[in-house]
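Peer 1: Predicted model follows, preceded by the sequence.
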Amino acid sequence: MKILFYNHTAQVSGAERVLAMILTRMNREQFNPVVVCPAGPMADLANSLDVPCETVAPLTARFTWRADLVLRYVASFARVIREVRNRVVKIQPDIIHANSIRAGLVMTFATAGLDVPVIWHAHDILPRHPFSFAIRLVTFLSARTHVLAVSQAVANRFNPSFSRSAGTGNPVNVVRNAVDLTRFRQSPEDREAIRKEFGLNDPQPLVGIVGQLTQRKGQLGVIHAFAQVLKQFPDAALLIVGEPLFNHDHDYKQSLAEATSALGIYERISFTGARKDISAVMQSLDVLVVNSWEEPFALVVLEGLASEIAVVATAVGGTPEMITHRENGWLVPARNDHALAEGIATLLGDPRLRQNLAKAGRREVTAHYSAERYIRDIHNFYRQILNVRTDVAVPRAHEVGERA
């Protein structure tokens, strides 16, 4: 079975890490993967995994209210659709796995008349925007389109009432993300090494936030909350791990540095940049913070839970599907620096609670979010789609990978 994976951007972030998990673990005796993406880090990653890769132009399109940008984005879509269609005709895949909503749009139009199923892997929660209605129409008016959501929160936003009432299109399926349990686990050696790198002793409280430096990830709010935490724990330190990738994120990074200076806490905060040893960095932390304004289903939450680290996260999007407050993590409202500071301080001040949450988090991930479960569900989804196309009677479910 030949599967064409299309990624609309050259950059590697959360969605691309999920794609890498699929490419790394898929059964090559049954599935023959080919990647189509722009030249850059994603193409390099595919090549490193020994997966054939063909490059196309990057898609430059985002949700916007500006008419001049809409025209530019439409032109980008038209160009990329032409290029991608040529690759599809050349490769002749059995299934196309488009690794984002935008990639799904490109592939649905690029394969018009070619009778090949297209999976839209929805890693994002659709914004409330007129274009979102048009996107839903495209998927639910096409029998070839199959939406695969990374969380129930993503599926709920994607699955509109008109599709359910009209009975059009295919159901939105859910396969929640997963984590490599062998990579993210307790390691006293890693804890010691990373803390030594940053000049920290073992008892010293260490808080961290890991992810792309961008406004919606809430690093600025973490800095303000941490300033409050320092009043109770003056020897605490904060690691901000990640780098800017898109749009005005470099300006945002500058605003973070300015905030640390304005608050007089720059000596307590380290900006580490991008790190390849995230699993080791996780081990150095006492509390991992995920302060996103919206989060479809954050891999970093799973990685923190798997690392047996206490996680404080905003109760948005798919995060409450992973964390139950005070059972295996700590949930706070989004954009509430005071509640975030209280949550961090509570866990730093109560080692027993912190340990209990961390152990429960590891158990939750082990039971429901292993990479083995994930790739099994993805394989089954591919087979399910082909069975439907060949009129083989198989049961359909809204959720391919149900939690026990």
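Peer 2: Received the coordinates, thanks.

Peer 1: tell me the mean pLDDT for the longest helix along the chain?
Peer 2: Longest helix in the chain by number of residues (criterion: DSSP state H): helix 67-91. The average pLDDT within helix 67-91 is 82.

Peer 1: Counting by contacts, list what it packs against.
Peer 2: Here helix 67-91 touches strand 2-6, strand 32-37, strand 53-55, helix 101-110, going by 3 or more CB pairs under 8 Å, 6 or more residues apart in numbering; DSSP states H and E. Just so you know, the C-beta spots here come from the backbone N, C-alpha and C atoms, and that holds for glycine as well.

Peer 1: Quick one: list the elements packing against the longest one.
Peer 2: Using 3+ CB pairs under 8 Å, 6+ apart as the contact definition, the elements that helix 101-110 packs against are strand 2-6, helix 67-91, strand 95-98, strand 118-122, helix 130-140, strand 145-149.

Peer 1: The fourth one pairs with which strands, parallel or anti?
Peer 2: When you say that, I think you mean strand 118-122. strand 95-98 (parallel), strand 145-149 (parallel) (DSSP bridges).

Peer 1: pull the CA atoms of the shortest one into PDB?
Peer 2: Going back to what we said before, that points to strand 95-98. The C-alpha coordinates for strand 95-98 follow below in PDB (Å, rounded to 0.1, in the frame of the first residue of the first chain):
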ATOM      1  CA  ILE A  95      -3.900   7.000   0.100                       C
ATOM      2  CA  ILE A  96      -2.800  10.500   0.700                       C
ATOM      3  CA  HIS A  97      -2.100  11.600   4.300                       C
ATOM      4  CA  ALA A  98      -2.100  15.400   4.400                       C
END
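
Peer 1: contacting residues around it?
Peer 2: 1-6, 8, 22, 88, 104, 106-107, 111, 116-121, 382, 385-386 (CB atoms under 8 Å, 6 or more residues apart in numbering).

Peer 1: try 6 Å
Peer 2: Outside strand 95-98, the residues that touch it by CB atoms under 6 Å, 6 or more residues apart in numbering are 3, 4, 5, 6, 104, 107, 116, 117, 118, 119, 120, 382.

Peer 1: quick one, strands of the stretch 151-300 of the chain?
Peer 2: 173-174, 206-210, 237-241, 269-273, 287-290 (DSSP state E, counting those that start in this stretch).

Peer 1: Make CSV from these and add distance to residue 187, mean neighbour count and mean pLDDT to it.
Peer 2: Formatted as CSV, these follow (distance: least, CB to CB, whole Å; neighbours: other CB atoms under 10 Å; pLDDT from 0 to 100):
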stretch, distance to residue 187, mean neighbour count, mean pLDDT
strand 173-174, 32, 24, 94
strand 206-210, 15, 24, 98
strand 237-241, 17, 24, 98
strand 269-273, 18, 17, 97
strand 287-290, 15, 27, 98
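
Peer 1: Okay, helices next: where are they in the stretch 201-350 of the chain?
Peer 2: 219-232, 249-262, 278-284, 299-306, 337-348 (DSSP state H, counting those that start in this stretch).

Peer 1: Pick the most deeply packed of those helices.
Peer 2: helix 299-306 (a mean of 26; mean count of other CB atoms under 10 Å).

Peer 1: quick check, distance from that helix to the centre of its chain.
Peer 2: Taking CA atoms, centre = their mean, to the nearest Å, the mean C-alpha location of helix 299-306 is offset from the chain mean by 11 Å.

Peer 1: what angle sits between that helix and strand 206-210?
Peer 2: 140 degrees (axes from the mean of the first three to the mean of the last three CA atoms, to 10 degrees).

Peer 1: CA atoms only for helix 299-306, dumped as CSV, please.
Peer 2: Taking Å, rounded to 0.1, in the frame of the first residue of the first chain, the C-alpha atoms of helix 299-306 are listed here in CSV:
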residue,chain,number,x,y,z
LEU,A,299,2.8,16.6,22.7
VAL,A,300,4.7,18.4,25.4
VAL,A,301,1.9,17.6,28.0
LEU,A,302,2.3,13.9,27.1
GLU,A,303,6.1,14.1,27.3
GLY,A,304,5.9,15.8,30.7
LEU,A,305,3.5,13.1,32.1
ALA,A,306,5.6,10.3,30.6
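
Peer 1: quick one on the thing from earlier: kindly reformat the strands of the stretch 151-300 of the chain as JSON lines containing distance to residue 349.
Peer 2: Below are the strands of the stretch 151-300 of the chain laid out as JSON lines (distance: least, CB to CB, whole Å):
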{"stretch": "strand 173-174", "distance to residue 349": "37"}
{"stretch": "strand 206-210", "distance to residue 349": "13"}
{"stretch": "strand 237-241", "distance to residue 349": "16"}
{"stretch": "strand 269-273", "distance to residue 349": "20"}
{"stretch": "strand 287-290", "distance to residue 349": "11"}
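
Peer 1: quick one: which of the strands paired with strand 118-122 is nearest residue 282?
Peer 2: strand 145-149 (26.2 Å; CB to CB).

Peer 1: what about that closest one, distance to the chain center?
Peer 2: The answer for strand 145-149 is 16 Å, by CA atoms, centre = their mean.

Peer 1: Which of the helices of the stretch 201-350 of the chain sits closest to residue 79?
Peer 2: helix 249-262 (24.8 Å).

Peer 1: can I get the CA coordinates of the closest one in CSV?
Peer 2: The C-alpha coordinates for helix 249-262 follow below in CSV (Å, rounded to 0.1, in the frame of the first residue of the first chain):
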residue,chain,number,x,y,z
ASP,A,249,7.8,35.3,16.7
HIS,A,250,11.3,36.9,16.8
ASP,A,251,9.7,40.1,18.0
TYR,A,252,7.9,38.1,20.7
LYS,A,253,11.2,36.6,21.8
GLN,A,254,12.6,40.1,22.3
SER,A,255,9.5,41.0,24.3
LEU,A,256,10.2,38.1,26.6
ALA,A,257,13.8,39.2,27.2
GLU,A,258,12.5,42.8,27.9
ALA,A,259,10.0,41.5,30.4
THR,A,260,12.6,39.6,32.4
SER,A,261,14.7,42.8,32.7
ALA,A,262,11.7,45.0,33.5
